[in-house]
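Q: everything below, folded, please.
(chains A and B)
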Number of protein chains: 2
Amino acid sequence: MDDKNISQAVIGRLPRYLRYLGELKDSNVERISSQELSELMHVTASQIRQDFNNFGGFGQQGYGYKVNYLYDEIAKILGLNKTHHLIIIGAGNLGQALANYMNFERRGFHFKGIFDANEALYGKKIRDMYVQPMDDLITFVKDNDIDIAVLTIPKASAVKVAEQLVGCGVKAFWNFAHVDLNVPKDIVVENVHLSDSLMKLSYNINIKQMENE
Amino acid sequence: MDDKNISQAVIGRLPRYLRYLGELKDSNVERISSQELSELMHVTASQIRQDFNNFGGFGQQGYGYKVNYLYDEIAKILGLNKTHHLIIIGAGNLGQALANYMNFERRGFHFKGIFDANEALYGKKIRDMYVQPMDDLITFVKDNDIDIAVLTIPKASAVKVAEQLVGCGVKAFWNFAHVDLNVPKDIVVENVHLSDSLMKLSYNINIKQMENE
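A: Prediction:
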């Protein structure tokens, strides 16, 4: 398996397969054909086969995929069999929403600490964490083997904080700040730019309206 | 301009162009070549020209794009010259985070109401809105010309609520619930599946680790 050549578009579709397979598992479905999966997910069977062929095809032999096996394999490809230690920088509503979302924990993403520059928030309890001052950030990252930082801070501070965190060993950023981080190539960045997503929605509303006029 | 053939990948890149052009505008830059924009944004000049050619090219004539003009044109393509009325379904941390994000308002997205099934939240003030019960939803949507619903509720209720909202005229969904909505083809859906994004991050960490081993 040579993952290096697999496009981010294919990778981006794997979590959706995992979600549907999880639901099939929960309903005790043991096998599913690419045709059945196609109808369930509203994508073509050929797309499914093409996507899976990137990983060796997962061995459909005319009578369908084994749901449990396929689920486990996709989870493994996504690295969900590993454990990650996360911190959240920014204890506002968005940081709190992410901290409280229990499903991440189930997937091996463990929130270890939450930090904010606002003194008024220090000591506030969010889930089982107390909001800590930014001055304690570097020591905490080193002492707690943190590999992922979640940035839910304004863009003005995000770039600088990211650089600091790279300096003390953080390997990946889940970046909600509306700015491109300036980090070395071996650092992983996944951006969630909410206003970009809203603009895409706006574009598609516009297009539908023009079609209907 | 025939927008129908423009891929969602191109559309997805427009907000990032807009962000950089906005910063150039703020710095009083009047013109920029595709080469300069390329260096600033870390994408190839050829990608930029290809993207812009989908919309007629925006008239670079050897001496660069006019920043103000380009900004306005892209904003128009994204439908940002129009006004939208939004409601948020789900007044938890994520719903509150979105309600409080002032930048959406600047772009023409006006939050009109916020709803929750949890009685304990009724009357709670979020920004300038009071959390309302779900029983008042349908009437509110009709009376306030709501065109976009933001779903920040658990997946168990999202599908049903979306169907109700389509029934009373909502044209688009910004869906944060971790489920695919079951709505007619002429309804626009933009999904933000946060756990999918985290899994993509996890995949890329995994790949980097394998490369370094």
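
Q: go through chain A and flag its longest strand.
A: Criterion DSSP state E: the longest strand present in chain A is strand A:109-116.

Q: avg pLDDT for that strand?
A: Strand A:109-116 shows a mean pLDDT of 96.

Q: okay, now the sheet partners of it, with direction.
A: On the basis of DSSP bridges, the sheet neighbours of strand A:109-116 come out as strand A:84-89 (parallel), strand A:129-133 (parallel).

Q: just the CA trace of the shortest one, in CSV.
A: So the one you mean is strand A:129-133. The C-alpha trace of strand A:129-133 is given here as CSV (Å, rounded to 0.1, in the frame of the first residue of the first chain):
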residue,chain,number,x,y,z
MET,A,129,-10.2,20.6,32.3
TYR,A,130,-9.5,24.0,33.9
VAL,A,131,-8.7,26.8,31.6
GLN,A,132,-5.0,27.6,31.9
PRO,A,133,-3.0,30.8,31.0
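
Q: list of residues touching the very next helix or strand once past that strand?
A: Using DSSP states H and E, the helix or strand that follows strand A:129-133 in sequence is helix A:137-143. Residues from elsewhere that reach helix A:137-143, judged by Cβ atoms under 8 Å, 6 or more residues apart in numbering or on different chains: A:87, A:89, A:112-113, A:115, A:132, A:146, A:149, A:161, A:164-165, A:167-170. Backbone N, C-alpha and C define where each C-beta goes, glycine included.

Q: name the next helix or strand downstream of helix A:137-143, please.
A: strand A:148-151.

Q: what about that next one, near chain B?
A: Yes - under the criterion of Cβ under 8 Å from any Cβ of the partner chain, chain B is reached by strand A:148-151 at residue A:148.

Q: got the contact list for that strand?
A: Under Cβ under 8 Å, 6+ apart, the answer for strand A:148-151 is A:84-90, A:95, A:98, A:109, A:141, A:158, A:161-162, A:165, A:170-177, A:181, B:201, B:205.

Q: so what strands line up beside that strand?
A: strand A:84-89 (parallel), strand A:172-175 (parallel).

Q: just the CA atoms of the least confident helix or strand in chain A by mean pLDDT, as PDB, please.
A: Lowest mean confidence among the helices and strands of chain A (mean pLDDT, DSSP states H and E): helix A:103-106, at a mean of 86. Below are the C-alpha coordinates for helix A:103-106, written out as PDB (Å, rounded to 0.1, in the frame of the first residue of the first chain):
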ATOM      1  CA  ASN A 103     -17.300  11.300  20.100                       C
ATOM      2  CA  PHE A 104     -13.800  12.500  19.500                       C
ATOM      3  CA  GLU A 105     -12.600  10.700  22.700                       C
ATOM      4  CA  ARG A 106     -14.100   7.500  21.400                       C
END
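
Q: from the chain's centroid, how far away is it?
A: 11 Å (Cα atoms, centre = their mean, to the nearest Å).

Q: buried set for it?
A: Within helix A:103-106, the residues scored as buried using 16 or more other Cβ atoms under 10 Å in any protein chain shown are residue A:104.

Q: and chain B, is that helix touching that?
A: Yes - using Cβ under 8 Å from any Cβ, helix A:103-106 reaches chain B at A:103, A:104.

Q: ok, stretch A:47-59 next?
A: No - using Cβ under 8 Å from any Cβ, stretch A:47-59 stays clear of chain B, coming no nearer than 11.5 Å.

Q: buried set for that stretch?
A: So stretch A:47-59, judged by 16+ other Cβ under 10 Å, has buried residues A:48, A:51, A:52, A:54, A:55, A:58.

Q: ok, of the contacts of helix A:137-143, which come out buried?
A: In these, burial by neighbour count holds for A:87, A:89, A:112, A:113, A:115, A:132, A:146, A:149, A:161, A:165, A:170, counting by 16+ other Cβ under 10 Å.

Q: wait, isn't the last one in contact with residue A:161?
A: No - when contacts are counted by Cβ atoms under 8 Å, residue A:170 is not listed as touching residue A:161 (10.0 Å).

Q: re the thing from before, same question for the next helix or strand after the longest strand of chain A, mean pLDDT?
A: Heading C-terminal from strand A:109-116, the first helix or strand you meet, by DSSP H and E, is strand A:125-126. Average pLDDT, strand A:125-126: 94.

Q: roughly how far does the closest residue to residue A:165 other than its chain neighbours sit from residue A:73?
A: Once flanking residues are discounted, residue A:165 sits nearest to residue A:149: 5.0 Å by Cβ to Cβ, 6 or more residues apart in numbering or on different chains. Going from residue A:149 to residue A:73 by Cβ to Cβ, to the nearest Å gives 29 Å.

Q: now residue A:199
A: For residue A:199, the distance to residue A:73 equals 36 Å [Cβ to Cβ].

Q: higher neighbour count, these two?
A: Using other Cβ atoms under 10 Å in any protein chain shown as the criterion, residue A:199 and residue A:73 rank with residue A:199 on top: 28 against 19.

Q: and the more buried one, what does it touch?
A: B:14, B:15, B:18, B:78, B:80, B:107.

Q: element containing it, please.
A: According to DSSP H and E, residue A:199 maps onto helix A:194-212.

Q: run the angle between that helix and strand B:84-89 for me.
A: Helix A:194-212 runs at 120 degrees relative to strand B:84-89, counting by axes from the mean of the first three to the mean of the last three Cα atoms, to 10 degrees.

Q: residues of helix A:194-212 that come out buried?
A: Quick answer for helix A:194-212 (16+ other Cβ under 10 Å): A:194-208.

Q: ok, so of the residues you listed, who is nearest residue B:39?
A: Here the nearest of the buried residues of helix A:194-212 to residue B:39, counting by Cβ to Cβ, is residue A:196; it sits at 21.3 Å.

Q: could I get the helix or strand encompassing residue A:161 in CSV with only the CA atoms?
A: Element membership for residue A:161, per DSSP H and E: helix A:155-167. Only the C-alpha atoms of helix A:155-167 are listed here, as CSV (Å, rounded to 0.1, in the frame of the first residue of the first chain):
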residue,chain,number,x,y,z
LYS,A,155,-6.3,35.0,13.4
ALA,A,156,-4.1,37.8,14.8
SER,A,157,-2.5,35.4,17.4
ALA,A,158,-2.9,32.0,15.6
VAL,A,159,0.2,32.2,13.4
LYS,A,160,2.5,33.1,16.3
VAL,A,161,1.1,30.5,18.7
ALA,A,162,1.4,27.9,16.0
GLU,A,163,5.1,28.7,15.5
GLN,A,164,5.7,28.4,19.3
LEU,A,165,3.9,25.1,19.4
VAL,A,166,5.9,23.7,16.5
GLY,A,167,9.0,24.7,18.5
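
Q: perfect, I'm done here.
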